[in-house]
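Engineer: mind looking at a prediction? Sequence and model below.
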Amino acid sequence: MKVQASLCGINRLPRARIQEKARPPNPRIPRRNFKESPPALRWTRTPKLTIMLRTSLIALLSAACLHAGETRQWSNPEGTKSFDAEYVSRKGDEITLRRNASDITFDISKLHADDRKWLNLNHPVAGDAASGPIPDDDAIFDNLKFGDSRETIMEKLKASSIIEAELEETFFSRTGLNGTYRTKHKVGGLYCYLFYEWDQAGNLCEFTLRTEPQPQAQYDGSVTSCWEELPNLISQLHGAPINAGTMPSADAIKEGQMQGSHVWNIESGGSVLLGIAKIEGKYEVSVRFTLEKIKMRPTP
């Protein structure tokens, strides 16, 4: 099933020049040709499940990064010796690296402090990841939720285990908040950048994850890989989608439009739309969290 949604003018601007503007919710998702999921599949989030979802989200984003492999330089505790190896996995205080096509497992105490810091930041132990602030039951992604002020959003982003700033905070006054934070790990080979829309009171009313624009030559590569991984990530947060379509062909997406494929309903109110947009001849995968509740209509 195909869905088309026009992109607002803010999406056509260069990322570095985008400024947030207070505006009322502007629903642009059409309501047509969807099939409602059976009532038995309704998604209910409990406090215990919320903690599990936080761990799952961190694990999914970390796993997405591992698909491409991470080769970096590692050093001994004194920093006098170093070697290149690919990160494979971590279990507690034990790490497995791949060097010269062979896997080696050892305690992280044998690594330099900078390497241990990198591990704790990029590959935290699952128990440590879950021990942070418990997400709000109404959170739409990580700890973010509709109605948060800009100041609250900033504090949550700084404390996030899965989001990082690409720029120093001192530059935010020049660039605005849009596009300055991204996921710490790539999803299907692409980082997802965060964009926001605010209501007249200055509170969050819409939130979007967007990848860097990719040329058509990458449509069957990184664009497809990212689109294939995102439904699993969003379903961990909001249950099974109420509509799951096929990936549109590159030629089917018109300039300045987003063609949706998946829709989720948010239990606390609102919807999530996954699709692919075409901006200035390039393609970006987009996940739009909106206060609008999409109502399904039976397919004729």
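Structural biologist: Perfect, thanks for sending it. Residues are numbered from 1 along each chain as shown.
Engineer: in the stretch 101-250 of the chain, which spans are helices?
Structural biologist: Counting by DSSP state H, counting those that start in this stretch, the stretch 101-250 of the chain has these helices, from start to end: 113-122, 126-130, 150-159, 172-175, 224-238.
Engineer: how close does residue 151 sit to residue 281?
Structural biologist: With distances defined as C-beta to C-beta, to the nearest Å, the gap from residue 151 to residue 281 amounts to 37 Å. C-beta: built from backbone N, CA, C; applies to glycine.
Engineer: thinking again about what came up before, for the helices of the stretch 101-250 of the chain, give me CSV that also has distance to residue 182 and mean pLDDT.
Structural biologist: Output for the helices of the stretch 101-250 of the chain, formatted as CSV (distance: least, C-beta to C-beta, whole Å; pLDDT from 0 to 100):
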stretch, distance to residue 182, mean pLDDT
helix 113-122, 14, 82
helix 126-130, 18, 48
helix 150-159, 10, 90
helix 172-175, 13, 60
helix 224-238, 13, 90
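Engineer: to residue 201, which of those helices lies closest?
Structural biologist: With respect to residue 201, and counting by C-beta to C-beta, the nearest of the helices of the stretch 101-250 of the chain is helix 150-159 at 10.8 Å.
Engineer: please save the CA atoms from that closest one in CSV.
Structural biologist: The C-alpha atoms that make up helix 150-159 are tabulated as CSV, following Å, rounded to 0.1, in the frame of the first residue of the first chain:
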residue,chain,number,x,y,z
ARG,A,150,12.8,22.9,24.0
GLU,A,151,14.7,23.1,27.3
THR,A,152,13.3,19.7,28.3
ILE,A,153,14.2,18.2,24.9
MET,A,154,17.8,19.5,25.3
GLU,A,155,18.2,17.9,28.7
LYS,A,156,16.9,14.6,27.5
LEU,A,157,19.1,14.6,24.4
LYS,A,158,22.2,15.3,26.6
ALA,A,159,21.4,12.4,28.9
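Engineer: what comes up buried for that helix?
Structural biologist: Of all the residues in helix 150-159, those buried under the rule 16 or more other C-beta atoms under 10 Å are 153, 154, 156, 157.
Engineer: likewise stretch 275-291?
Structural biologist: By neighbour count with 16+ other C-beta under 10 Å, stretch 275-291 contains the buried residues 275-279, 283-291.
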